[in-house]
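# how would this look folded up:
(chains A and B)
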Amino acid sequence: EDQVTQSPEALRLQEGESSSLNCSYTVSGLRGLFWYRQDPGKGPEFLFTLYSAGEEKEKERLKATLTKKESFLHITAPKPEDSATYLCAVQADTDKLIFGTGTRLQVFP
Amino acid sequence: NAGVTQTPKFQVLKTGQSMTLQCAQDMNHNSMYWYRQDPGMGLRLIYYSASEGTTDKGEVPNGYNVSRLNKREFSLRLESAAPSQTSVYFCASSEVPLETQYFGPGTRLLVL
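Numbers count the residues shown, from 1 in each chain, chains lettered A, B, ... in the order given. Here you go, the predicted structure:
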């Protein structure tokens, strides 16, 4: 069965304390992996798309990486404005798009 | 560019009432989607339209109907609302089916 699991469910960081969020997947053929940011009361906002193992994308303090089984979203020296829920979604060969349940990140000054 | 817009922002219904959620996008995207988001369950696809004139069921289509009115607009209808349909509903669009999606601000629906 196609599945996407995100960990941890919640993460509290001090401002400047770097960390990583994980998205592991089991799907029948990966066509794409997407990262989104969601602020409370708002719709998900697109961050990155990764297509193949070894690929990396960067935007400001965020860096997404992809292996054959998982993706990491690395956050370097986070600021309070990085606080949000980060969602991972996987597009499978079966033409399905499966979302994880997200990691809720809180960054304290 | 407004991106993806949804109306209404918030709605309260009684069990058995009907309503239509509206969605429009101004990015000239071919594909549009309706999701529901419930605590602890992630986003679940209700229906999608890969291109104008086509619609397909997603993971949780029961109790819903959709209409792709034209390339810009995709509506979701609840014919007889049930408390289990209390949720936050998001519309999204993409240039290519199931590729990078852009989401609207959501409609919060409470069914009593």
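
# Spatially, what comes nearest to residue 41 if we skip its sequence neighbours?
Picked chain A for this. residue B:106 (7.6 Å; Cβ to Cβ, 6 or more residues apart in numbering or on different chains). Where you see a C-beta, it was placed from the backbone N, CA and C, and this is true even at glycine.

# meant chain B, my bad for not saying
What sits nearest to residue B:41 in space, not counting adjacent residues and going by Cβ to Cβ, 6+ apart, is residue A:101, at 6.7 Å.

# OK, contacts around the residue nearest to residue A:41?
A:41, A:42, A:43, B:6, B:9, B:37, B:88, B:89, B:90 (Cβ atoms under 8 Å, 6 or more residues apart in numbering or on different chains).

# among those residues, which two are most distant?
Using Cβ to Cβ, the contacts of residue B:106 span at most 14.7 Å, a distance reached by B:9 and B:37.

# These two - which one has more neighbours?
Legend: neighbour count by other Cβ atoms under 10 Å in any protein chain shown for residue B:9 and residue B:37, higher for residue B:37 (20 against 10).

# Specify the beta-bridge partners of the more buried one.
Using DSSP bridges, the bridge partners assigned to residue B:37 are residue B:43, residue B:88.

# where in chain A is pLDDT low?
Along chain A, no part satisfies pLDDT under 70.

# Smallest gap between it and chain B, at which residue?
Nearest residue of chain A to chain B: residue A:43, at 3.5 Å (Cβ to the nearest Cβ).
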